[in-house]
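Engineer: Test case, fold it:
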Amino acid sequence: MTGSSNGGACSGKGVYLKLSVLFLLSTTIYVYLYSNITMQTFAIGEVMKGTISDIQRWRDKMEGWVQMIGGGSSHSYTEYVKNTSFPYSGHNVTRPQVRKSGNNENMVKPMSKLIFLPHKNIRKSTNVSKFNVVGDKPEVLLTLFTSWPTKAEKYVCHNNTIRNWLQLKPFIQPILFTNETLLAQEAVEKGWDVLPVRKAGRGVPILKYMYKDAMEKYKSRFYAFSNGDILYSHSLLDTLNVVLNSTHIPKGKPLMVVGRRTNVQDVTSEEAISGESVYKTANIRGKIFTVWAEDYFITSANYPWKDIPEVVIGRRAYDNWLVSNARKQKHVTIDATDTLVALHQTTKAGNQEGFKADNPEYNHNLLRRMYHQLHYSAGLTSCTEYYTHHSGDKRIKVLPRKIPRSCFPV
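Structural biologist: Numbering: from 1, shown residues only. Below is the predicted model of the structure:
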């Protein structure tokens, strides 16, 4: 009986061992097959995404070509773009020659081509009578410039900006700073002016030289850098006109206008097609952003940009430092948030792109080497000396502000 019992136990253990091995083998095969199938599915998905993206880009190009060629128009494409601007769009502005990047390591390298599409302008005309007219041409109120590298994920965003800023002509002169030859050609074809990036830090344009070059080449009442994903409406012109004629602001002092932006997720071409639709979209879908973020810097023609450190755009710290420095130097500072709609086109990159970019601490490290103390909180939009406000009769006024204690010391 004992021998028979031991034999049965051994037999049971052998069966259990075989089943265990079979189970492990089956599990290994399943995991292997599942992993392969998952990776292949992911790869196919990525290929399909790229294919769909290519199809969409070609569709957009075809739509642009149809709009340019269709309707039996004999005008050139440049003439077509001119017809999308405000009244007096025949305003002549010299088109600078685009310089190809040389061996200077500070110059931004050429990249791929980016197409900007034409569109039909449905924006109501700005009241020309509110602005000065020299001869038969309106005075340029603002020279507005920006810079960006070619990025596929920013295609719609930058296309919207090109069209939006173009609608502000001739009162506003849009400029793109770039050393990308193909990108520069596209911008010129669509009605913008282009200037080369004269000096950069780690491949990123240095802000002060952008101002100096724009101020040297163009004559206007104001000059401004703006991030390339910001859209504007008639409120920009209206606000600057009031600032220009305000009796509350000391005359002759350097002046800086800043403001908070309004974030809108995934702005469509239809929402960006006119100043009116930008204004409406910002009010319906927009969310006002923090007082820490400043995306545009509108300064007077006498602003001393030559004295500003060589901070670069698109990286954190420079915006708050610029405002705090303006306050320290007793320049006029104005917060235009209440009256100037600056719509930020929020994409998948989110609302903190400066923190995610290469060398995000570039400006902070530069400023820290130059100054013993950095009080960034003294450079918030809420720390400015003046602010713009809609009064009861819907007119814009510039009012003095009681600056919070948190804005000191400067």
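Engineer: how about residue 194, secondary structure?
Structural biologist: What DSSP: H, G, I helix; E, B strand; the rest coil gives for residue 194 is strand.
Engineer: any idea which element residue 18 lies in?
Structural biologist: helix 2-69 (DSSP states H and E).
Engineer: Can you list the low-confidence ranges for the stretch 51-200 of the chain?
Structural biologist: For the stretch 51-200 of the chain, the stretches flagged by pLDDT under 70 are 51-137.
Engineer: residue ranges with poor pLDDT in the stretch 251-400 of the chain?
Structural biologist: Residues of the stretch 251-400 of the chain that meet the cut-off, pLDDT under 70, sit at 349-357.
Engineer: For the stretch 151-300 of the chain, just list every one of the helices.
Structural biologist: 155-166, 181-189, 207-217, 234-245, 275-285 (DSSP state H, counting those that start in this stretch).
Engineer: Out of these, which gets nearest to residue 254?
Structural biologist: helix 207-217 (12.0 Å; Cβ to Cβ). Every residue, glycine included, has its C-beta placed from N, CA and C.
Engineer: could you say what helices and strands that closest one packs with?
Structural biologist: Contact analysis of helix 207-217 by 3 or more Cβ pairs under 8 Å, 6 or more residues apart in numbering; DSSP states H and E lists strand 142-146, strand 172-177, strand 193-195, strand 222-226 as its packing neighbours.
Engineer: Check the gap between the closest residue to residue 406 other than its chain neighbours and residue 14 for me.
Structural biologist: Nearest non-adjacent residue to residue 406, counting by Cβ to Cβ, 6 or more residues apart in numbering: residue 377, 6.1 Å away. Look at residue 377 and residue 14: by Cβ to Cβ, to the nearest Å, they are 76 Å apart.
Engineer: just residue 298 next, same as before
Structural biologist: For residue 298, the distance to residue 14 - Cβ to Cβ - is 86 Å.
Engineer: coming back round to it: just name the most buried of the helices of the stretch 151-300 of the chain.
Structural biologist: Across these, the average number of neighbours (mean count of other Cβ atoms under 10 Å) peaks for helix 155-166, which reaches a mean of 23.
Engineer: Next, the angle helix 181-189 makes with that one.
Structural biologist: Per axes from the mean of the first three to the mean of the last three Cα atoms, to 10 degrees, the angle that helix 155-166 makes with helix 181-189 is 40 degrees.
Engineer: Just the C-alpha atoms of helix 155-166, please, in CSV.
Structural biologist: Taking C-alpha atoms only, helix 155-166 is exported to CSV below (Å, rounded to 0.1, in the frame of the first residue of the first chain):
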residue,chain,number,x,y,z
TYR,A,155,0.8,75.3,-38.5
VAL,A,156,-2.7,76.4,-37.8
CYS,A,157,-1.7,78.8,-35.0
HIS,A,158,0.9,80.7,-37.1
ASN,A,159,-1.4,80.7,-40.1
ASN,A,160,-4.0,82.4,-38.0
THR,A,161,-1.5,85.0,-36.7
ILE,A,162,-0.4,85.8,-40.2
ARG,A,163,-3.9,86.5,-41.3
ASN,A,164,-5.0,88.3,-38.1
TRP,A,165,-2.2,90.8,-37.9
LEU,A,166,-2.4,91.5,-41.7
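Engineer: Can you check what angle separates it from helix 275-285?
Structural biologist: Using the same axes, to 10 degrees: helix 155-166 against helix 275-285 is 130 degrees.
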